[in-house]
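**Student:** I would like the atomic coordinates for the input below:
(2 chains)
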Amino acid sequence: MSAPSYLHQQGLLSWFLTLDHKRIAVLYMVTVTFFFFAGGLAATLIRIELVTPQGDLLTADGYNRAFTLHGVIMVWFFLIPSIPSVFGNFLVPIMIGARDMAFPRLNLFSWYLLLGGGLFTLLALLLGGVDTGWTFYTPLSTMFSNGHVVAVICGVFIAGFSSIFTGINIIVTVHTLRAPGMTWMRLPLFIWAIYATSIILVLATPVLAITLLLVAAEHLFNVGVFDPRLGGDPLLFQHLFWFYSHPAVYIMILPAMGVVSELITAAGHKRIFGYRFVAWSSVAIAVIGFLVWGHHMFVAGQSMYASLVFSLLSFLVSIPSAIKAYNWSATLYKSDLTLHAPFLFALTFIGLFIIGGVTGLFLALLAADLHAHDTYFVVAHFHYIMVGAAVAGYFGALHFWWPKITGRLYSQLWGKITAVLVFCGFNLTFFPQFLLGYLGMPRRYHAYDPDFQFLNVLSSAGASILALAYVLPFFYLLGSLRWGERAPMNPWEAAGLEWRVPSPPPLHNFEEPVTVDFEAYDYSPEARRDPV
Amino acid sequence: MIRSDEKPAEPFVAWAQQREAARLGIWLFLATEAMMFGSLIMVAWLYRLQHPDGVAEAVAGLHWQLATANTFMLLTSSLLMTLALAASEQGNALRLRRCLLGAALLGVLFLACKGVEYGLEYREGLLPGFAEDSPLHLPSAHLFMNLYFIATALHAVHVLVAVGLGLWLYMRLAPDNLSARGTRTRLEMVTLYWHLVDGIWILLFPTLYLVGR
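**Tutor:** Next up, the predicted model:
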């Protein structure tokens, strides 16, 4: 008889005091799901308001607060912790053949930080909120805003330390706890992506921390740094903020890219095309991502030459991104495809990512950005990446590893329906916004020119489909816990260490210490699939 | 002197592995600290380039003598931490305790001296946020003082944490766990943190007080 699974122990305390990386991952999953629906509720308000040109549901001020709540919650309490903290925690130790993360107590502490910061922020947002947008631009946030700016900043600051500690934990785990034989070039590409993400988490988040600290000091004690009345430089805030927040976009998308590499190879039962290129492209995106922040400030008054350089560097990001997209497609060529639900999410990711990525090039182009800046074109572009692609990646991961995490199988049919609904609903919601932006509709207004109504109604209609698609898994996945069949060890016939331990895995992941003597994605006929 | 009944913490199979992990972890954490203070120092230099007159006015009013004394104390405390680490490797309990206590004491002195400095600046009306009629004329001088205040206050918080960690180590030291591997790892981590706090000051001191004097 094998060892009891990690879910064996009962009782709330066994969860809240757990040091097991798999249980902490489940805690994170529950938490980010909660924040996802909280942020989604604000999005619903926004889309209902925008059905008609005049402001009827929300006041102008209420609308500002709604989109700020939506942005703050979704960015810091769903997107950034989603894949790294949930699936990174669950999978990194198992995929590299380790028993746990390097610092289990720090890991649990990170979860408490995220939860505490998130609830604090949510409370501040509900008690009146802020009207600054998720970007907290100065001098609006320090001089003119009359909301709970400092409270929300504190919440985000606390959550930032959760990111930093998770990043440190992942990097140290990958460096020191790989099983014998698990060389860097044998690591699953998910690990490479999470590793690159962690580098950004560790190096970029502190800059956000200090920036928010400066805003709070200016707001509370009148200690000016950004305030123009004191000779301060509001543009400096934008530099510091985007130095974090542009890499933060890659925090959201890189882990999803890692997930897609896993889903594509598992669906095609084939080794990834160009392993090294896909692996290093993650690192390249992380590194170049630090050098492109100025493309958010093309019209903010920075030097023209700086803009030129930032524009060029922004174009460079497309190279490693395209390498990934092409290599995924090449992997599928002549492969032994199984059309299961996770694979459909991977395809959704690729489709939405390509649209989002290509429109990103429009915005990286100086002349085109002048026209599209601060319009719905930008809103549509970053939603394609941060929501369309990143959430498709998250859902793909959820559907792929759900049997491993819970030990239950869910309905493939419902999974496939959801994937298709996400793709259609998403495009219907956000493609009209590209047109709206191109036609000149500015972002962040609760009322608009009646000429824009048709496209806005289309967008809101799409949003209702998207909302349905995002809520559906909640039912059939939770239902599978009760009615689902027990999952076998390897339901997708996939390669990788996590598929060679029972579902759900035992407390210590592996009953015997693991030695790795196979390459990543070894789908050759003679490859071994027996338990380790 | 190495105890054989001590086992590495849960996910590790060997002491060398745990030590490597702890070192990498603390270095990464120090990197985050460097990024955090790095952006402040970068902003200070940006101001120096953009507003040389205002910065010169602000710098002229700073108490560089006190800061020099502080630099001396912090560097010495860092040396004592290194000596503490060496003492623990030699198993010299008495010297280890003395060094730890000495380092913590110097840290407290640093904070006291910083407090005196803030007090003087408050009386001179230089401290931002509190003073109504400041003797500084140029707006950019105010700006630099603001930055000075934020950077040194944040650094002082770090010194306070370092002192706390040093005292915590001191309290936990019992004769039977002196040579325990866990103690030594903790000591090494605190020493590294201490050096970082010291290193940040070495950059802050010329950036804020010296250049352009």
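**Student:** contacts only, for the spatially most central residue of chain B.
**Tutor:** Chain B has B:Val197 as the residue nearest its centroid, 2.5 Å off, counting by C-alpha atoms, centre = their mean. By C-beta atoms under 8 Å, 6 or more residues apart in numbering or on different chains, the contact list for B:Val197 reads B:74, B:155, B:158-159, B:162. Backbone N, C-alpha and C define where each C-beta goes, glycine included.
**Student:** now the one helix or strand it maps to: average pLDDT?
**Tutor:** Using DSSP states H and E, B:Val197 sits within helix B:181-205. Across helix B:181-205, pLDDT averages out at 93.
**Student:** now the end-to-end length of stretch B:167-187.
**Tutor:** Stretch B:167-187 has an end-to-end distance of 11 Å (C-alpha to C-alpha, to the nearest Å).
**Student:** in the longest helix along chain A, which residues are buried?
**Tutor:** When chain A is scanned for its longest helix (criterion: DSSP state H), the result is helix A:234-268. Within helix A:234-268, the residues that count as buried by 16 or more other C-beta atoms under 10 Å in any protein chain shown are A:234, A:236-268.
**Student:** out of the residues you listed, which touch chain B?
**Tutor:** A:236, A:240, A:243 (C-beta under 8 Å from any C-beta of the partner chain).
**Student:** let me see the contact set for the first one.
**Tutor:** This points to A:Leu236. A:225-226, B:43, B:46.
**Student:** for residue 143, the count of nearby residues, please.
**Tutor:** By default, I'm working from chain A. If you count neighbours by other C-beta atoms under 10 Å in any protein chain shown, A:Met143 ends up with 15.
**Student:** think we crossed wires, I meant chain B
**Tutor:** The number of residues near B:Leu143, taken as other C-beta under 10 Å, comes to 28.
**Student:** wait, it sits on A:Val223?
**Tutor:** No. Taking contacts as C-beta atoms under 8 Å, B:Leu143 lies outside contact range of A:Val223: 9.8 Å.
**Student:** look up how far A:Trp192 lies from the residue nearest to A:Leu361 when sequence neighbours are not counted.
**Tutor:** Distances taken as C-beta to C-beta, 6 or more residues apart in numbering or on different chains put A:Ser318 closest to A:Leu361, at 6.1 Å, once the chain neighbours are dropped. Distance, A:Ser318 to A:Trp192, using C-beta to C-beta, to the nearest Å: 19 Å.
**Student:** okay, now the unreliable bits of the stretch 401-532 of chain A?
**Tutor:** Applying pLDDT under 70 to the stretch 401-532 of chain A flags the ranges A:528.
**Student:** so where's the chain shaky on pLDDT?
**Tutor:** Here I'm looking at chain A. A:1-2, A:230-231, A:528.
**Student:** that was the other one, I meant chain B.
**Tutor:** Using pLDDT under 70, the flagged stretches of chain B are B:1-6, B:129-133, B:174-179.
**Student:** who in it is up against chain A?
**Tutor:** Close to chain A, as judged by C-beta under 8 Å from any C-beta, chain B has residues B:10-13, B:17, B:20-21, B:24-25, B:28-29, B:31-33, B:35-37, B:39-40, B:43, B:46, B:50-51, B:54, B:128-129, B:138-140, B:142-143, B:146-147, B:149-150, B:154.
**Student:** buried sites along the helix holding B:Val197?
**Tutor:** B:181-194, B:196-201, B:203-205.
**Student:** can you pull out the helices in chain B?
**Tutor:** Going by DSSP H, chain B shows helices at B:15-50, B:52-60, B:64-90, B:93-123, B:139-172, B:181-205.
**Student:** what's the closest of those to A:Tyr448?
**Tutor:** helix B:15-50 (37.9 Å; C-beta to C-beta).
**Student:** how distant is that closest one from the center of its chain?
**Tutor:** Centroid separation for helix B:15-50 versus its chain: 12 Å, with C-alpha atoms, centre = their mean, to the nearest Å.
**Student:** ok, stretch B:148-158 next?
**Tutor:** 10 Å.
**Student:** list the contacts of that stretch.
**Tutor:** Contacts of stretch B:148-158 (C-beta under 8 Å, 6+ apart): A:213-214, A:217, A:223, A:225, B:33, B:37, B:40-41, B:44, B:58, B:62, B:111, B:114, B:127-129, B:197, B:200-201, B:204, B:208.
**Student:** and those residues, which are buried?
**Tutor:** Here, 16+ other C-beta under 10 Å leaves A:213-214, A:217, A:223, A:225, B:33, B:37, B:40-41, B:44, B:58, B:62, B:111, B:114, B:127-128, B:197, B:200-201, B:204, B:208 buried among these.
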